[in-house]
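> A predicted structure for the sequence below; I have some questions about it.
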Amino acid sequence: MEKQEDNNARLAIMELANMISVPMSLNAVVRLNVADAIWQKGSNTPLLPSEILSSILPSGTGDPENLQRILRMLTSYGVFNEHISLVEPAQRRYSLTEIGKTLVTDKNGLSYGPYVLQHHQEELMKAWSVVHEAVVDSSTEPFVKANDGETAYGIYGKKPEMNELMQKAMSGVSVPFMKGVLENYDGFNGVERLVDVGGSAGDCLRMIIEKYDNIKDGVNFDLPEVVAKAPKIDGEIHVKFIQKHKYSSIYVQATCDAYM
Ligand SMILES: C[S@@+](CC[C@H](N)C(=O)[O-])C[C@H]1O[C@@H](n2cnc3c(N)ncnc32)[C@H](O)[C@@H]1O
């Protein structure tokens, strides 16, 4: 009995040691846009790796065997369903599970894909390799240490592509979340001015003021470079966008009020 427990423990530690293969495989399928290739406007028909490949690489290039290895790995973590044909030659086809469907791009261009990509950007990945240093010396956080003294939002401010991905990641997560909140929560009744602190692209604010006519004034309070990229909100509502003017560690409204 003890021997069996030892074996299980050894297997478990090896699995943990290789755990990086799971999120990195997930990152790979998002980069390859596998979910949209399988979804095919809602059919979710089980496909061979070679069929998925010809959809994501119409040039006919690529390695279906390597794609299959990634799909099998993620099948064991509930992202795909594997369908094995009983007739020879045995073939494996893949469809999306409920988890896999979160990676499908919806009619608004949103999915959880950007959230996956955002968490695996090089700058963030570098921080993980120095996490132990946070224990040895906590004066500088691992992200800052790994990125030559830059904070995450400092880098987002300098790199528009990172800023854009961050906003897309937040929208992909927050829009379905806020939909659920608004179906079950009525605490915005009677509110006239609503401030979303760290509102990113302003999705949550927009969804709330679309539902509640009583809100006459919405404020998206975020960093200048984030607010500059936030889409304008239609309607009669005044949306005051926060611009520049640094006060302490937060940004306060200074110069630019955009009235719709
Ligand atoms: C995790 S995101 C949340 C986004 C949004 N609330 C949502 O649910 O989609 C945090 C937000 O805080 C903003 N933020 C970070 N530091 C800030 C600061 N000093 N002043 C204002 N906003 C800041 C970021 O730009 C980002 O949009």
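Happy to help now that I have it.
> so the residue sitting nearest the centre point of the chain is in which element?
Nearest to the mean C-alpha position of the chain, counting by Cα atoms, centre = their mean, stands residue 115 at 0.9 Å. Using DSSP states H and E, residue 115 sits within helix 113-118.
> following that helix, which helix or strand shows up next?
Using DSSP H and E, the helix or strand that follows helix 113-118 towards the C-terminus is helix 122-128.
> and stretch 206-216, anywhere near the ligand?
No - counting by Cβ under 6 Å from any ligand atom, the ligand is not contacted by stretch 206-216; separation bottoms out at 10.6 Å. Every C-beta, even on glycine, is put in place using the N, C-alpha and C of the backbone.
> before we move on, the earlier item: chain center to the helix holding residue 115: distance?
Mean-position distance between helix 113-118 and its chain equals 3 Å (Cα atoms, centre = their mean, to the nearest Å).
> leaving out chain neighbours, which residue sits closest to residue 105?
Spatial nearest neighbour of residue 105, excluding adjacent residues (Cβ to Cβ, 6 or more residues apart in numbering): residue 111 at 4.9 Å.
> contacting residues around that neighbour?
If a contact means Cβ atoms under 8 Å, 6 or more residues apart in numbering, then residue 111 has 35, 102, 103, 104, 105, 172 as its contacts.
> kindly recompute the last result at 10 Å.
By Cβ atoms under 10 Å, 6 or more residues apart in numbering, the residues touching residue 111 are 30, 33, 35-36, 101-105, 168, 171-173, 176.
> how far away is it from the ligand?
15 Å (Cβ to the nearest ligand atom, to the nearest Å).
> one step back: show me what the helix holding residue 115 is in contact with.
Under Cβ under 10 Å, 6+ apart, the answer for helix 113-118 is 23, 26-31, 33-36, 102-105, 124, 162, 164-174.
> ok, now stretch 129-142?
124, 126, 127, 128, 143, 144, 145, 146, 147, 149, 151, 152.
> is it true that the first one touches residue 147?
Yes - assessed by Cβ atoms under 10 Å, residue 124 is found in contact with residue 147 at 9.1 Å.
> mutual contacts of these two, please.
residue 155.
> poorly predicted segments of the stretch 151-260 of the chain, please.
Applying pLDDT under 70 to the stretch 151-260 of the chain flags the ranges 234-260.
> quick one: the strands in it?
For the stretch 151-260 of the chain, applying DSSP state E, counting those that start in this stretch gives strands covering 193-197, 217-221, 238-241, 246-247, 250-251, 258-259.
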